[in-house]
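Undergrad: A structural model of the following input is requested.
(chains A and B)
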Amino acid sequence: MFVDATAQCLKMIKPGVDVPHKLPPSMSACFRVGSRLAAVIKEVGFHGDAGYQTFLYSSETDMRRVFMFLIEKLPKHSVGVADEPLGSMALLRRRIAAEVARRLRSPWTPHYCKVKDICWRGQPPQWQREGCSARHQFHAVSISAPHGQADLQKKVPKELRRYYTTDLAHVSRQPQRHCDIATSLLESNAVRHTAEQEWETEWSHAGLASRLTPQEYKAQKRHKRDEKISNYIEKNMKEVETSGGEIQHLQQLVDGNGVRSSGNARLKGSRFTHTEKLQFAQDVDVAASQLTRDGAKITSKEERESQQQGELQSLQDELATLSSRLDSVQLQVRALSGKKQVMEERLPTVETQNKEKEETYRVKKRTMDLLPDADSNIAKLQAVVDASHQRLASLNDQWEKIRGPLLEEYRSLQALGQTHVSETDKKLEAMKEMRVKMKELASESRGKEVLCKQLMSEYEQMTKDVNRSTYTRRILEIVSNIKKQKTEIDKVLLDTRSVQKEINQLSGKLDRTFTVTDELIFRDAKKDEATRKAYKYLAALHENCRLLTRTVEETGVIMREIRELEDQIEQESSKKTLSNFERISADYREMKKENASLIAKLKKLEAA
Amino acid sequence: MEDSDKVQDDGAKLLTKCPINQISTLIHRIIDGLCEKTPVHYEDFASVWGLEDWWLVTDFYKTFCRDAVKKACTKENWFQILGQLTFMLPEYSKEVADAVWVRRDEIRIQLVKRTSEISHAYLKDFDWQLKLVVSSDKLASVQEPLLSVDLDVDATGEDERKFVSVEMNKADLQRMITSLEAANKVPQNN
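TA: Predicted coordinates for the structure are as follows:
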């Protein structure tokens, strides 16, 4: 567990570091994993004491130290990101916890003390719901309310107004059960809202691109749907072509379809088409089954059976002859109609041929008429031809004159039209963009409002700056304490310094007095034997005293050293070196054993 | 056939017993009953009809309202149909026709709803509740949202309502929504 957590933390801190997540079973592998982890931790910057034993025999304090270090080293930005979306969830959790705690504190009340499970209690009192006995289904019925009243200019039909004023029940009395009121109101609101929203999305996607007004678009859509339905029904009709009357009935329905669905609400579109399809399909089925049932009824009556058998036989014979005749007639009709079609096809070609012939005939007749007076006629014709040539040329000129400006105008108009189209396209694009932007902005503002609320509530929940003053007071106290201590330390320092000065003064005095007495006694010692002795004593005394003071100083130094060593011993003993050493030696022994066993195996293998 | 004609005539005729200012209220309440709202109560009209006559009248006008909307006629047509009935006074038939005219959309939507309920088991209603599992006996903090969905299924063949309750986590809910959406696309694309 510890190894796994450490390895994961290390991977977060230094992506790309390859550390194992589990301790392997064998001792030497364990040692390798532990020392690898320790090395990586030290590489990252861990200052404390970490070896393989920290991971193998982890004590609580070691674990704590390692984790403190690792968690501080974890990349900060990921923590910040994780905190942001957690906001609302954490808030909800906190509120749930607070509510549960509040309810746990409040005592239980019997059900007859509550009206519909709701009671007013707590500290401060609040309405709250306890238990589930008064729960009911979320069941909604459709509710009708007067609409179209906002626009006072529009006239409401007389009957409708009377219905609204006298006979339309209040919303609270419309559902059969009293508890359905709220749910029904919510449902009707939601239905209207979703219908509007769906229309909005459809209009902004498909509607705007079609460049129609909303009414035209709706009409087009309805028309398409009606066509679809009638196509479907016609297809089904062909499948069930056994009952003629039924087909006629269905045909009527198809014709009346446009009328029926014209009042259809847009929202119900898809569902309504579906149901109508189903309805018609059922109608057809019912008709088929009825026919078979009628047949069955007749055959079941036994007395009439023999009587009717003959009749039936004759009728069937007749039917057979008639149908055979009908077939032959139909065949004839088909052949004749085929012939007729061929004829009709030939008719136009024949007519054109006729016309051509008439034309050639007319031309030939005229030339024949003109033949007797050929020369003059030829001259006339030449003149006519020349005149017509001239006219053609003049007309051509005129046409050119008129045509030039017209062409130019046409071109300019075309260019204008194109610019218009491109402008409208641009505007459409802009509109779409604006719509998208609008929605984005709206959602953004909504999100920001929610965030603002969250932060506000969090801010309210935070304890205000009561703590702050206490903290500052405590800090000030600590500072004053430190100051006092400092002055005391200063005093002690002064004392030691004055003592040192005194010592120095005294030693100086001693030196001087010693040299003075030494000189005095040395001068006397030349004359007197007793003073010589006294001088010797003095020298010995002085030497002894100096030795004494030095030993005193040395003992002081030794004492200090002893104290330091004791401190060191304490430190070392706190590190549990002995137990650690024991453990390490045990591990060493284990590893030796493993090695021995491995060597034995190897030898066995070699021998084998 | 004759019997039912007679019953119809009786039902239509009996309406004339009712004072004219209560006619529209009666018809509107009958339509309310058709549209799953608070239905008409006999106590309100106990002074006008006996119980049997009451049944005749309400049955006749229920079927009349339904048929009138089904055939999608105009107001004048209804007026004529009512006028053809014997013993029907013109002011009464006008009241009835007005009431049905005002409520035609509502009745039509109700009829459409009925026709969509022809498959042998269909979803009548559904309800959902969102729950948050805070913790369990093993884990101190679970924090998993669960959705419990109650489906009110009506089986037309057996004539009984079944409640199907399912509790789902996020993945299950996503799966159910995708399958329902796929089912919704089938009738739309056909």
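Undergrad: got any ranges where the chain has weak pLDDT?
TA: In the absence of a named chain, this looks at chain A. A:1, A:75-87, A:122, A:134, A:147-156, A:207-211, A:241-302, A:304, A:463-466 (pLDDT under 70).
Undergrad: Chain B is the one I meant
TA: In chain B, residues with pLDDT under 70: B:1-13, B:72-76, B:78-89, B:156-159, B:188-190.
Undergrad: From the rest of the structure, what touches whichever strand or helix holds B:Leu130?
TA: Taking DSSP states H and E as the criterion, B:Leu130 maps to strand B:121-133. Contacts with strand B:121-133, where a contact means CB atoms under 8 Å, 6 or more residues apart in numbering or on different chains, come from A:92, A:96, A:137-140, B:116-117, B:142-157, B:161. C-beta here means a position set from N, CA and C on the backbone, and glycine is covered the same way.
Undergrad: Return the subset of those residues lying in strands.
TA: Among those, DSSP state E puts B:144-155, B:161 in strands.
Undergrad: need the contact list for A:Asn575.
TA: Asn isn't right for residue A:575; it's Lys. Counted by CB under 8 Å, 6+ apart, A:Lys575 has contacts A:Asp49.
Undergrad: Need phi/psi at it.
TA: Main-chain dihedrals, A:Lys575, degrees, to the nearest 10: phi -80, psi 0.
Undergrad: Could you do A:Pro124 as well?
TA: phi -70, psi 160.
Undergrad: That one: neighbouring residues, count only.
TA: 5 (other CB atoms under 10 Å in any protein chain shown).
Undergrad: quick check, distance from the helix or strand containing A:Val329 to the centre of its chain.
TA: Following DSSP H and E, one finds A:Val329 within helix A:303-370. Its chain's C-alpha centre and that of helix A:303-370 lie 72 Å apart, by CA atoms, centre = their mean, to the nearest Å.
Undergrad: elements contacting the helix or strand following it?
TA: Sequence order places helix A:374-461 as the next helix or strand after helix A:303-370, per DSSP H and E. Applying 3 or more CB pairs under 8 Å, 6 or more residues apart in numbering or on different chains; DSSP states H and E, one finds that helix A:374-461 contacts helix A:76-105, helix A:208-210.
Undergrad: wait, is A:Lys593 part of a strand?
TA: No: with DSSP: H, G, I helix; E, B strand; the rest coil as the criterion, A:Lys593 is located in helix rather than a strand.
Undergrad: which ones are touching it?
TA: So A:Lys593 contacts nothing (CB under 8 Å, 6+ apart).
Undergrad: ok, back up a step: pull out the buried residues from the contacts of strand B:121-133.
TA: Among the contacts of strand B:121-133, those classed as buried by 16 or more other CB atoms under 10 Å in any protein chain shown are A:Phe138, A:His139, A:Ala140, B:Ser116, B:Leu146, B:Leu147, B:Val149, B:Asp154.
Undergrad: Need the residue closest to the centroid of chain B.
TA: B:Cys35 (3.8 Å; CA atoms, centre = their mean).
Undergrad: For that residue, give its distance to A:Ala539.
TA: Distance of B:Cys35 to A:Ala539, given as CB to CB, to the nearest Å: 137 Å.
Undergrad: now swap in B:Ala99 and tell me
TA: In terms of CB to CB, B:Ala99 sits 147 Å off from A:Ala539.
Undergrad: Those two - which one has more neighbours?
TA: B:Ala99 (25 against 14).
Undergrad: Can you classify that one by secondary structure?
TA: B:Ala99 - assigned by three-state DSSP - is helix.
Undergrad: In contact with it, which residues are there?
TA: A:Glu159, A:Tyr163, A:Asp167, B:Ile23, B:Ser24, B:Ile27, B:His28, B:Ile31 are the contacts of B:Ala99 under CB under 8 Å, 6+ apart.
Undergrad: Remind me which helix or strand the closest residue to it other than its chain neighbours belongs to.
TA: Spatially, and ignoring its direct neighbours in sequence, B:Ala99 is nearest to B:Ile27 (3.9 Å; CB to CB, 6 or more residues apart in numbering or on different chains). Element membership for B:Ile27 (DSSP H and E) is helix B:23-34.
Undergrad: From the chain's centroid, how far away is stretch B:140-153?
TA: Using CA atoms, centre = their mean, the offset of stretch B:140-153 from its chain centre is 32 Å.
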